[in-house]
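Visitor: show me the folded form of this:
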Amino acid sequence: MLTAGLDPTLHAVPPVATPAGSILHFPDIRSRFLPHAHDVMVCLPPEYHESPTRRYPVLYLHDGQNVFDDLPLSPFGVQWGVDTTARALMYARVIEPLIIVAIGNAGRDRIDEYTPTRDNMHDAGGMADRYGQMLVYEIKPWIDHTWRTRRGATDTAVAGSSLGGLLSLHLGLTHAAVFGKIGLLSPSVWWDDRWIVRQLLVDGHRRPDLKIWLDVGTGEKRMLKGTRLLYRMLLRQGWRVGADLHYMEAEGALHDERAWGERTGLFLRFLFPASR
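Guide: Residues are numbered from 1 along each chain as shown. Model (predicted):
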């Protein structure tokens with residue numbers, strides 16, 4: 001079981017590497033905050049072992065089954081290809097080298113873990129804070145202890161799509177001292193009568209120092225209106241386009257892994273641009 005801080009039991013669990021050795025897969029990691037085990041996948045930058053003194057920023061991704069080409073676990077048969085895209089951009093020196101950590105979802109209980117409130121219309125939800133505790137107090141300390149990371153908020157991002165986007169924004173707002181960069185791809189703003197938008201309007205809510213990528217496809221009829229509302233609210237709360245906010249509407253894009261994969265390179269460029 002993972003525990004807050006560093007767990008020697010977890011360190012002793014050998015990863016299952018892909019044939020190319022590019023991704024380390026830690027199956028069935030248990031947390032004291034959640035009832036279900038989660039797979040954790042770690043993708044190191046190509047230069048990691050050749051640069052033994054360098055430290056790297058970290059991107060945490062939800063729905064880890066769906067994101068890596070080199071670890072085809074997706075139940076949909078289509079991956080984002082984050083590893084392939086990121087390596088190409090690193091080799092081209094378009095983005096800075098980074099470590100990517102993907103946490104697999106809990107299957108049928110994904111909707112509970114990825115939502116911050118109980119939605120009575122769906123009779124589900126409300127465990128996002130416990131998922132955040134797992135990420136902040138267990139997984140991140142283990143990652144920081146095991147690999148050479150840059151640990152500050154400005155070098156730590158969290159991103160996801162759909163409910164994973166909703167979860168990422170919630171974690172950014174509640175753990176801004178941990179996650180300073182947020183990737184929101186087609187976020188489920190609709191959840192619980194747009195609860196996340198109302199949170200931005202809470203009196204006395206101080207705008208956290210977050211760099212935010214926000215996007216949606218114009219073919220996502222359910223998501224488009226809510227995402228546009230969220231964008232207007234972020235502007236109202238002081239985020240600035242081109243500085244700490246980027247908004248994109250992908251013409252004709254649908255709500256699926258293929259569409260998010262096509263936007264992966266864009267959000268990586270915004271959140272992790274290469275140093276000049």
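Visitor: output the below-cut-off pLDDT ranges for the stretch 151-276 of the chain.
Guide: The stretch 151-276 of the chain contains residues with pLDDT under 70 at 203-205, 276.
Visitor: now do the helices in it.
Guide: For the stretch 151-276 of the chain, helices defined by DSSP state H, counting those that start in this stretch occupy the ranges 163-174, 191-200, 221-236, 257-271.
Visitor: of these, flag the one that's most buried.
Guide: Comparing the helices of the stretch 151-276 of the chain by mean neighbour count (mean count of other CB atoms under 10 Å), helix 163-174 ranks first with a mean of 26. Bear in mind the C-beta positions are built from the backbone N, C-alpha and C, glycine included.
Visitor: just so I know, which of the helices of the stretch 151-276 of the chain lies nearest residue 113?
Guide: helix 163-174 (7.9 Å; CB to CB).
Visitor: angle of that closest one against helix 221-236?
Guide: 20 degrees (axes from the mean of the first three to the mean of the last three CA atoms, to 10 degrees).
Visitor: does residue 44 really touch residue 99, like I thought?
Guide: Yes. Assessed by CB atoms under 8 Å, residue 44 is found in contact with residue 99 at 5.9 Å.
Visitor: identify the contacts common to those two.
Guide: Common neighbours of residue 44 and residue 99 (criterion: CB atoms under 8 Å, 6 or more residues apart in numbering): residue 147.
Visitor: pull the number of nearby residues for residue 78.
Guide: 15 (other CB atoms under 10 Å).
Visitor: now tabulate the helices of the stretch 151-276 of the chain in CSV and tack on distance to residue 56.
Guide: Below are these laid out as CSV (distance: least, CB to CB, whole Å):
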stretch, distance to residue 56
helix 163-174, 20
helix 191-200, 30
helix 221-236, 28
helix 257-271, 14
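Visitor: nearest to residue 148, of those?
Guide: helix 257-271 (19.6 Å).
Visitor: rewinding a little: which one of the helices of the stretch 151-276 of the chain lies closest to residue 57?
Guide: helix 257-271 (8.8 Å).
Visitor: list the contacts of that closest one.
Guide: Under CB under 8 Å, 6+ apart, the answer for helix 257-271 is 59, 66, 74, 76, 78-82, 85-86, 88-89, 94-95, 157, 159, 161, 181, 183, 185-186, 211, 213, 215, 217, 246, 248, 250, 253.
Visitor: quick one, that helix and helix 163-174 angle?
Guide: 30 degrees.
Visitor: distance between helix 257-271 and the chain's centre?
Guide: 12 Å (CA atoms, centre = their mean, to the nearest Å).
Visitor: now swap in stretch 63-71 and tell me
Guide: 12 Å.
Visitor: and what of stretch 157-174?
Guide: With CA atoms, centre = their mean, you get 6 Å for stretch 157-174.
Visitor: which among the contacts of helix 257-271 end up buried?
Guide: 59, 66, 74, 79-82, 85-86, 89, 95, 157, 159, 161, 181, 183, 185-186, 211, 213, 215, 217, 246, 248, 250, 253 (16 or more other CB atoms under 10 Å).
Visitor: who are the contact partners of the residue lying closest to residue 226 once chain neighbours are set aside?
Guide: Once flanking residues are discounted, residue 226 sits nearest to residue 189: 3.2 Å by CB to CB, 6 or more residues apart in numbering. Each residue near residue 189 by CB under 8 Å, 6+ apart is listed here: 166, 196, 197, 223, 226, 227, 229, 230.
Visitor: so which residue is dead centre in this protein?
Guide: Centroid-nearest residue in the chain, with CA atoms, centre = their mean: residue 159, separated by 2.3 Å.
Visitor: that one is in contact with residue 61, isn't it?
Guide: Yes. Using CB under 8 Å, residue 159 makes contact with residue 61 at a distance of 5.6 Å.
Visitor: what is the neighbour count of residue 77?
Guide: By other CB under 10 Å, the burial measure for residue 77, its neighbour count, is 8.
Visitor: from residue 136, how far off is it?
Guide: 32 Å (CB to CB, to the nearest Å).
Visitor: repeat for residue 108
Guide: Taking CB to CB, one finds residue 108 at 24 Å from residue 136.
Visitor: which of those two has more residues huddled nearby?
Guide: Neighbours were counted for residue 108 and for residue 136 using other CB under 10 Å; residue 136 has more, 19 against 9.
Visitor: cheers, nothing more for now.
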